[in-house]
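> build me a structure from this.
(chains A and B)
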Amino acid sequence: MQLRHIVQARSGDKGNTINISLFAPSDHLFEVLVREVTVERVKAHFTGLIYGEVVRYLIPHLRAMNFVCKEALSGGGSATLRMDNLGKCYASNLMRLEIEIGDDRG
Amino acid sequence: MRTIRIGAGQGFYGDSILPALETAARGNVQYLCFDSLAELTLAILQKDRQRDPSLGYAADIGRQMKELLPIAKANGIRVITNAGGMNPAGAAREVARIAKELGLGGLKLAVVAGDDVYADIDALREQGASLAHLEDGREIADIRDRIVFANAYLGAKPIVEALRAGADVVITGRTTDSALFLAPYIYEFSIRPKDWHRLAQGVLMGHLLECSGQAAGGNFSGSWQAVEELERIGFPIAEVSEDGAFILTKTEGTGGLVSVDTVKEQLLYEIHDPFAYVTPDVVLNVTEVQLEAVGGNRVRVTGARGKKRPDTLKIVMGYTDGWLGQAIWGYSWPDALAKAQAAGRIIRKQIERTGLMADEIRTDYIGYNSLHGPLAAPPAEELNEVYVRIAVRTKSSAEAAKLGRLVPPLMLSGPPAMGAFLGMMKPRELLGMWSCLVPRGLIEVKVQVTVVEV
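You can find the predicted model right below:
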């Protein structure tokens, strides 16, 4: 299933770095996100768009995760040739990611 | 417990003034704070100042104040804005002129200056600041001769000083966005400098307010279709009490939505490490924040934790980084994407043949992949129309301008059904951003607060 059917997300910029925050609607789905939306998968998903390090932070009680991605804007908002120069669409871009929801609630 | 109400007036240079007027008239706030500055904004304002040294502040401040000041005065609202940008004194002159024109005698106007460290770059290096790039460690020497502006992010302290001096309007240059909102909280409740948890709540409040509509249903990725009347969105208001707990809300009868879900999205916006969001006033930990719905469009926010503020301040510099040339034109169905792609190939070959010196060339197909890049899925059906956008990065403006001249001949000599050539777009200078840290002692000595009565 694509992430778009499950999560809320917003992205923003700082220099050449962007962050994407994701929010799950339930504890169960948060656990699924933690398992499925890993640094490796996000990095692979953004091949050709994000060139630097990707770091993931978790905030379980808000069912939130935050991805900080470096070298993501081809130089940053005022220096880039990108049309999405401020990375506002990166959250939408991530919504294409396919994840396995499974049925591990028993 | 006493509470004060602080409203968001603006989230960026170019934002609508209408929600601020609504908040001023009916929002029952004591403070209205305007965040005009993004990283990109300083680059824009710097270009204005280069053209005319009397400019360099957010040019819409005059128009805004003309409408806002009479309402603010009538309702006893104090206004704080960073619209001063690269030239807070210039902005203050403009506001003073407007105040006189409106006959608002006795208005106290404060200017916070000292964030501009452009003239001090070499002195800072001599005093031991490395100025190496915060993100990638590059040495400042790489770009030293191309720097066009340099500003430190100041904290809330000088704004608090301005409020203590009785200012009705405070105009700053580069401060952290949250400081604009934190300052009235510190001032009203005499929050002590090392009261880290309360300062953290104040910064969090500022963080939620600083992007105007984004905490009130704007840019909401959840059930955005259910957010009503965005055309008359109410900007967020914080009702904050002495202990720092606050309720985020908006003016009754306005559009938009303040809910746990809309607030949550703003909570992590542009925050990197949620355990340690560094500001000049406090290091904020948002990982224990509690959001609780306490009524329609009312969300209670508690649980921010603070740690000692850093001994450094962040400086952002802009440096010239070449020129952008771009052209956009469209093709119609049938075969719109194939035609656009053929045109893209033709222009690339012509860039080579004519010897246009581009350090980078980028082709986007608007309607297909201009926002999704390599992630865009090939269209399942034929697209009705596709626009080609070609962009080049060059060393000079003249070189960038050559791109536009390659496009018009395609109308008669390219693929069929070309429409909407948007003209030869004027080359735009690109500015790189350079963030670094310096010991705060080297900066804060020159921060100045001036209050005048106009």
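
> find the residue closest to residue B:288 in space, skipping its chain neighbours.
residue B:303 (4.6 Å; C-beta to C-beta, 6 or more residues apart in numbering or on different chains). Every residue, glycine included, has its C-beta placed from N, CA and C.

> quick one: contacts for the one you found?
By C-beta atoms under 8 Å, 6 or more residues apart in numbering or on different chains, the residues touching residue B:303 are B:288-290.

> mind giving me the PyMOL command for buried ones among the residues you listed?
In PyMOL, this line selects whichever of these come out buried by 16 or more other C-beta atoms under 10 Å in any protein chain shown:
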select buried, chain B and resi 289
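
> nearest to residue B:24 among the contacts of residue B:303?
residue B:289 (28.8 Å; C-beta to C-beta).

> who touches stretch B:72-79?
Stretch B:72-79 is touched from outside by B:9, B:24-25, B:29-34, B:68-69, B:71, B:104, B:107, B:163, B:167-170, B:184, with contacts defined as C-beta under 8 Å, 6+ apart.

> which residues touch the spatially most central residue of chain A?
Most central in chain A under C-alpha atoms, centre = their mean is residue A:20, positioned 4.6 Å from the mean C-alpha point. With contact set as C-beta under 8 Å, 6+ apart, residue A:20 has these partners: A:9-11, A:66-67, A:69, A:90-91, A:94.

> OK, contacts around residue 27?
You didn't pick a chain, so chain A it is. Contacts of residue A:27 by C-beta under 8 Å, 6+ apart are residue A:63.

> ah, I was thinking of chain B
Contacts for residue B:27 (C-beta under 8 Å, 6+ apart) come out as B:5, B:7, B:234, B:237, B:250-251.

> for stretch B:229-237, buried residues please.
Using 16+ other C-beta under 10 Å as the test for burial, stretch B:229-237 gives B:230, B:233-237.

> in strands, which of those fall?
Those of those mapping onto strands are residue B:237, per DSSP state E.

> as a markdown table, the buried residues of stretch B:229-237 with pLDDT would be great.
Putting those into a markdown table (pLDDT from 0 to 100) gives the following:
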| residue | pLDDT |
| --- | --- |
| B:230 | 97 |
| B:233 | 98 |
| B:234 | 98 |
| B:235 | 98 |
| B:236 | 98 |
| B:237 | 98 |
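
> tell me which of the buried residues of stretch B:229-237 is nearest to residue B:326?
Nearest to residue B:326, judged by C-beta to C-beta, of the buried residues of stretch B:229-237 is residue B:230 at 29.9 Å.

> and that closest one, how close does it get to residue B:14?
17 Å (C-beta to C-beta, to the nearest Å).

> where in chain A is pLDDT low?
A:103-106 (pLDDT under 70).

> would you state the strands of it in chain order?
Going by DSSP E, chain A shows strands at A:8-14, A:17-23, A:54-59, A:64-69.

> same question for the stretch 151-300 of chain B.
B:169-172, B:237-241, B:246-249, B:277-278, B:283-285, B:290-293, B:299-302 (DSSP state E, counting those that start in this stretch).

> not counting its neighbours along the chain, what's nearest residue B:30?
residue B:4 (5.2 Å).

> now the one you found: which helix or strand?
Here residue B:4 sits within strand B:3-10, counting by DSSP states H and E.

> any idea how far that strand is from the chain center?
The chain centre lies 18 Å from the centre of strand B:3-10; the measure is C-alpha atoms, centre = their mean, to the nearest Å.

> roughly how far does the residue lying closest to residue A:76 once chain neighbours are set aside sit from residue B:118?
Leaving aside its sequence neighbours, residue A:76 sits nearest to residue A:16 (C-beta to C-beta, 6+ apart; 4.5 Å). Noted for residue A:16: a distance of 22 Å to residue B:118, by C-beta to C-beta.

> of these two, who's got more company?
Taking neighbours as other C-beta atoms under 10 Å in any protein chain shown, residue A:16 and residue B:118 compare with residue A:16 leading, 25 against 14.

> quick check: angle from the helix or strand residue B:63 falls within to strand B:3-10?
Taking DSSP H and E as the criterion, residue B:63 maps to helix B:61-75. For helix B:61-75 against strand B:3-10, the angle by axes from the mean of the first three to the mean of the last three C-alpha atoms, to 10 degrees is 160 degrees.

> so what's residue B:266 up against?
Applying C-beta under 8 Å, 6+ apart, the residues near residue B:266 are A:10, B:207-208, B:211, B:214-215.

> with respect to residue B:321, which of the residues you listed is nearest?
residue B:211 (26.4 Å).

> report the contact partners of residue B:299.
Each residue near residue B:299 by C-beta under 8 Å, 6+ apart is listed here: B:247-249, B:258-260, B:263, B:291-293.

> between those, which sits nearest residue B:383?
Closest to residue B:383 out of the contacts of residue B:299 is residue B:259 (36.2 Å), distances taken as C-beta to C-beta.
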